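In: Predicted model follows, preceded by the sequence.
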Amino acid sequence: MKTGVLCSRDAGFVFSRIFAAMKQYLFTSPRLGFRQWLPEDTLPFAAINADPVAMEFFPMLMTEEETRNMIARMQQHFDQYGYGLYAVDLLETGQFIGFVGFNHPQFEAWFTPCVEIGWRLAPAVWNNGYATEAAIRCFEYAFEELGLKDVYAFTTISNKKSERIMQKAGMQHAGFFDHPKLAADHPFAPHTLYRITTPTSK
């Protein structure tokens, strides 16, 4: 027989849904919410940046202080451009899972200046299609709301998982380059480049 008392599991689910609804999302996809960064994101994001699995294709892990500095730079990017690398939550629970969004690369290459899309999600939520879903929704937002004409993505050529996300999100291969911020003999220096354009500019 049902009663008016919620069990702890049900109560937690209800309250997490209420918490998610209280957050101010700039836009959403079916399962994800995209927003500005909050102070409470620092520790879970630092955990992602210190995870060897999440950071497998980056030159080094990041400390908590480095994570705080990164968040500050992302906030400055939002202030300058009005968009950036969005903090991403699962809408069902309100759980922060990482970032997906836009950035202006701070290096010179044959395709810069440009806008790139990037993502970094907690390994615990991998293999659920979240990164692809997020990228597709970000492209819609970029072209329909921000008025961007094209968006690039790049990763070291050994990062096939990330490259597969680019492909599934509708991006087209645009070439290769050596990342100028890495030594020429660094194993991660060779990069693959992808691009997507707004439908009206094709």
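Out: Yes, it's here.

In: Can you measure across stretch 84-99, start residue to end residue?
Out: 10 Å (Cα to Cα, to the nearest Å).

In: no, scratch that, I was asking about stretch 37-50
Out: End to end - Cα to Cα - stretch 37-50 spans 19 Å.

In: Residues touching it, excluding its own?
Out: If you take Cβ atoms under 8 Å, 6 or more residues apart in numbering as the criterion, stretch 37-50 is touched by 54-55, 61-64, 66-68, 70-71, 74-75, 87, 96, 98-99, 120-122. For the C-beta atoms, the positions are set from N, CA and C on the backbone; glycine is no exception.

In: Kindly recompute the last result at 6 Å.
Out: By Cβ atoms under 6 Å, 6 or more residues apart in numbering, the residues outside stretch 37-50 that reach it are A54, L61, M62, E64, T67, I71, A87, F96, G98, A122.

In: Return the closest of the residues you listed with respect to T28.
Out: A87 (12.8 Å; Cβ to Cβ).

In: And for D79, the neighbour number?
Out: For D79, the count of nearby residues is 9 (other Cβ atoms under 10 Å).

In: when you give positions from now on, start the count at 558
Out: Sure thing, new numbering starts at 558, so read that last one as D636.

In: Any chance of a ChimeraX selection covering the buried ones in the contacts of stretch 594-607?
Out: Remark: buried members of those, expressed as a ChimeraX selection using 16 or more other Cβ atoms under 10 Å:
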select :611,619,624,628,644,653,655,679
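
In: Kindly reformat the contacts of stretch 594-607 as CSV containing distance to F696.
Out: Below are these laid out as CSV (distance: Cβ to Cβ, whole Å):
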residue, distance to F696
A611, 23
L618, 30
M619, 27
E621, 32
T624, 27
I628, 24
A644, 18
F653, 22
G655, 18
A679, 22
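
In: Which two of the contacts of stretch 594-607 have the greatest separation?
Out: Checking these with Cβ to Cβ, the most distant pair is L618 and A644, at 20.2 Å.
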